[in-house]
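Visitor: The sequence isn't on hand, but the structure is:
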């Protein structure tokens, strides 16, 4: 085995200044220290420091890599003129030389961070990780785990350790009932034994907006709202409703409020779906058997006229005009997050994308994506599939089970390989050869739903071949779909291959996608989407385009004044208020942002549960949100009079806030995000790990210090 031994490099400089010509002369003494590379099969190779700096290096084999261009100059004196146009490397060197003569730290750090396009005040820039955060832990990567990641769609992410059933309490025992399974039950029934090992309550304060009681000692959200907590002694904030003997207090005198969460499905319906016994009117692959006609191309469309299908209610239109619409956001657009957005002024919300195939299979985790909070006055659900019969059959279930919704969104914009290839859905349906399939899906939705639909799409598969305008023309002209059944069409100004990189193409949205409809009276509103991160962005991309529209032209532009928010709402949850109040430089404090996390904690414990499993889920989803929240740069850190940052602008690597909490919230490392959750949900286990689900190449971790090179992949950013 070859060994490489390197002595510490020593370089001595002597600097003089020539007052006559204004030049700085740096004299370097000849280097006497050598880099010695020893090999088991060769004699030592000696290379000087000067040769190493001129481009040489050490290869993995132990040999010395020669520089691309050798500098054979024997002189050791270098003269540099301060007024000349130097390269970045020379400029950095000059700054270091001038620093010894009194150059300020701000000038040096300004050159160090010159590659980033978001300018930060000099006093908040750091040369390394802020000292208040402490060192990063060194995590070892187990190479054996990499074999699990092999495969087309496999993706292994850290999960919480599974709790055995013997350590869990039986739900019947928690309700004070006798367990029907008796000795066959695998769960624990010993309340006294559990009380001895019960962990202490979490240090949670619940600043809920809808709190009607002044009793600040009632921390359990379920007990506060309904007078009963179904988790009993397992509740991690249950000191307010658990007696010393482990009895669960029930206070039903205040339990007169209607349910706060809608769309909870009965278990019998799940059994019918799983056993494929649900009574569908629409069969699989409807066509030739049900509709005996020679018109094979229109067999599916004639099906709904032949079959005795129940009459639908009149579809209530959804008005998106001048509204703030929070787009569906996978994983992070959960119900607690949408409650936060409603408190900050969002008008319309939509659930996370659900795959129709999983819904028809009775997947409870997929059905939970359809849940709606009572505060969401205008709410939609987003579906995706590549099969028209699946969509028609599931829309039957939505109608028969009276699912609470105001519209159903068909997602044609998902760029994930899993959705596009396995399910033949998402952006895959935007291909021109799939236009007939898309028409069948839309027809099935219109004929089986009691509410209007919306369609969300991207510009196309790639930047060179946009197809959104042709699809909109087909929907309105060929398929004869108007505003009465389709409330809006959302166009994201990026292609599928573009994902979330670069900027959204609003010129294409306004000039192409919004001008293809010929009937102004029945035109479907077009809602633009992409890169709305401030009121200035909304004004520039939406308001100014509509206000400057030439009304004398015969072209009808269907661009709506709706502000559709995506990643901007994740990074700045108060963005709806900024747009409504026309706020330009709102400097929110770190304590106010921490209060948002406190509210999310209470909403999460109410939604996912206040037992250990619910606490773990709340922590995981909060960490997913923090992978976006940390990107917010406070206005006070920007130069005076600076324009609001753009969504794709990136700050320097090392910055610190105006206090320790703000510095912690600015950190791009998941280790620091975990510290934030520990302030709200208690300590995590020693083996706890987290890796963000959404990792985009547009915001990779930019740290370059040695500590970051040794940490595990769970610190990569979205």
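Guide: Received, thanks. None of the values given here were measured: they were computed from a predicted structure.
Visitor: shaky segments in the stretch 351-500 of the chain?
Guide: Applying pLDDT under 70 to the stretch 351-500 of the chain flags residues 432-433.
Visitor: ranges for the helices of it?
Guide: For the stretch 351-500 of the chain, the helices defined by DSSP state H, counting those that start in this stretch occupy 356-360, 364-367, 388-400, 417, 435-448, 468-473.
Visitor: Would you check that residue 449 makes contact with residue 399?
Guide: Yes: with contacts defined as Cβ atoms under 8 Å, residue 449 counts as touching residue 399 at a distance of 6.3 Å. Placement of C-beta: from N, CA and C, glycine included.
Visitor: more neighbours, these two?
Guide: Here residue 449 and residue 399 are set side by side on neighbour count (other Cβ atoms under 10 Å), and the busier one is residue 449, at 21 against 16.
Visitor: who touches that one in this structure?
Guide: Contacts were defined as Cβ atoms under 8 Å, 6 or more residues apart in numbering; by that measure residue 449 touches 312, 315, 395, 398, 399, 408.
Visitor: Show the contacting residues for the fourth one.
Guide: Just to be clear, that refers to residue 398. Residue 398 is in contact with 381, 405, 408, 449, counting by Cβ under 8 Å, 6+ apart.
Visitor: Excluding chain neighbours, give the residue nearest to the second one in space.
Guide: Ranked by Cβ to Cβ, 6 or more residues apart in numbering and with sequence neighbours excluded, the top spatial neighbour of residue 405 is residue 381, at 5.2 Å.
Visitor: I'd say the one you found and residue 351 touch.
Guide: Yes: the pair residue 381 / residue 351 is scored as a contact, 4.8 Å apart, by Cβ under 8 Å.
Visitor: Give me the distance between the residue nearest to residue 405 and residue 352.
Guide: For residue 381, the distance to residue 352 under the criterion Cβ to Cβ, to the nearest Å works out to 9 Å.
Visitor: repeat for residue 269
Guide: 21 Å.
Visitor: ok so, going back, let me know the closest of the contacts of residue 449 to residue 244.
Guide: Top of the list for closeness to residue 244, among the contacts of residue 449 and by Cβ to Cβ, is residue 398 at 47.8 Å.
Visitor: how about low-confidence regions in the stretch 601-718 of the chain?
Guide: In the prediction, the stretch 601-718 of the chain carries residues with pLDDT under 70 at positions 695-718.
Visitor: distance of the nearest residue to residue 574 once chain neighbours are set aside from residue 594?
Guide: By the measure of Cβ to Cβ, 6+ apart, the closest residue to residue 574 outside its immediate chain neighbours is residue 344, 5.0 Å from it. Noted for residue 344: a distance of 15 Å to residue 594, by Cβ to Cβ.
Visitor: quick revisit: can you lay out the contacts of residue 449 as a markdown table showing distance to residue 649?
Guide: Formatted as a markdown table, the contacts of residue 449 follow (distance: Cβ to Cβ, whole Å):
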| residue | distance to residue 649 |
| --- | --- |
| 312 | 48 |
| 315 | 42 |
| 395 | 42 |
| 398 | 41 |
| 399 | 46 |
| 408 | 35 |
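Visitor: how many neighbours does residue 588 have?
Guide: By other Cβ under 10 Å, the residues close to residue 588 number 16.
Visitor: One more: residue 473?
Guide: Other residues lying near residue 473 total 15 when counted by other Cβ under 10 Å.
Visitor: again, but for the one 10 residues further on
Guide: One way to gauge burial is a neighbour count; for residue 483, by other Cβ under 10 Å, it gives 18.
Visitor: ok, it to residue 193 distance?
Guide: 64 Å.
Visitor: Same question for residue 591.
Guide: 42 Å.
Visitor: Could you do residue 486 as well?
Guide: From residue 486 across to residue 193, the span is 59 Å (Cβ to Cβ).
Visitor: higher neighbour count, those two?
Guide: A side-by-side neighbour count of residue 486 and residue 193, using other Cβ under 10 Å, places residue 486 first with 23 against 11.
Visitor: who does the more buried one bridge with?
Guide: As for beta bridges, residue 486 partners with residue 453 under DSSP bridges.
Visitor: contacting residues for the residue nearest to residue 574?
Guide: Contacts of residue 344 were listed using Cβ under 8 Å, 6+ apart, and they are 573, 574, 575, 576, 577.
Visitor: Can you name the residues that contact the last one?
Guide: Put plainly, it is residue 577. The neighbourhood of residue 577, defined by Cβ under 8 Å, 6+ apart, consists of 344, 345, 583.
Visitor: That one should be in a strand, yeah?
Guide: No: according to DSSP: H, G, I helix; E, B strand; the rest coil, the state of residue 577 is helix, so it is not within a strand.
Visitor: And it, how far from residue 535?
Guide: If you go by Cβ to Cβ, the gap between residue 577 and residue 535 works out to 10 Å.
Visitor: got it, and the first one?
Guide: As judged by Cβ to Cβ, residue 573 and residue 535 stand 15 Å apart.
Visitor: Relative to residue 523, which of the contacts of residue 344 is nearest.
Guide: When the contacts of residue 344 are compared for distance to residue 523, the smallest value, 26.3 Å, is given by residue 576; criterion: Cβ to Cβ.
Visitor: neighbours of that closest one, just the number please.
Guide: Neighbour count of residue 576, defined by other Cβ under 10 Å: 24.
Visitor: How about residue 337?
Guide: The local packing count at residue 337 equals 25, with neighbours defined by other Cβ under 10 Å.
Visitor: from what I can see it touches residue 600, true?
Guide: Yes: under the criterion of Cβ under 8 Å, residue 337 is in contact with residue 600, at a separation of 7.0 Å.
Visitor: Now the common contact residues for those two.
Guide: Common neighbours of residue 337 and residue 600, counting by Cβ under 8 Å, 6+ apart, are residue 625.
Visitor: dump the residue contacts of the residue lying closest to residue 390 once chain neighbours are set aside.
Guide: Using Cβ to Cβ, 6+ apart and skipping the chain neighbours, the partner closest in space to residue 390 is residue 356 (4.8 Å). Listed by Cβ under 8 Å, 6+ apart, the contact set of residue 356 reads 383, 384, 385, 387, 390, 391, 394.
Visitor: how far away is residue 356 from residue 333?
Guide: 18 Å.
Visitor: How many neighbouring residues does the closest residue to residue 646 other than its chain neighbours have?
Guide: By the measure of Cβ to Cβ, 6+ apart, the closest residue to residue 646 outside its immediate chain neighbours is residue 533, 6.3 Å from it. Per other Cβ under 10 Å, the neighbour tally for residue 533 reads 23.
Visitor: what's the answer for residue 593, then?
Guide: Residue neighbour count, defined by other Cβ under 10 Å, stands at 18 for residue 593.
Visitor: isn't it right up against residue 665?
Guide: Yes: with the criterion set as Cβ under 8 Å, residue 593 and residue 665 qualify as a contacting pair; they are 6.3 Å apart.
Visitor: what's the overlap in contacts for the two?
Guide: Common contact partners of residue 593 and residue 665 (Cβ under 8 Å, 6+ apart): 629, 632.
Visitor: separation between residue 593 and residue 645?
Guide: 16 Å.
Visitor: what's the answer for residue 313, then?
Guide: Residue 313 sits 46 Å away from residue 645, going by Cβ to Cβ.
Visitor: Please, where are all the strands along the stretch 501-650 of the chain?
Guide: With DSSP state E, counting those that start in this stretch applied, the stretch 501-650 of the chain shows strands at 526-529, 563-565, listed in chain order.
Visitor: What segments of the stretch 151-300 of the chain are helices?
Guide: Remark: helices of the stretch 151-300 of the chain, listed N- to C-terminal, are 171-174, 191-197, 221-226, 267-274, 299-306; assignment by DSSP H, counting those that start in this stretch.
Visitor: quick one on the thing from earlier: and for residue 381 and residue 351, which residues touch both?
Guide: Counting by Cβ under 8 Å, 6+ apart, the common neighbours of residue 381 and residue 351 are 369, 370.
Visitor: Mind checking which of residue 381 and residue 352 has more residues around it?
Guide: The residue with the greater number of neighbours, taking residue 381 and residue 352 and applying other Cβ under 10 Å, is residue 381; the counts read 25 against 20.
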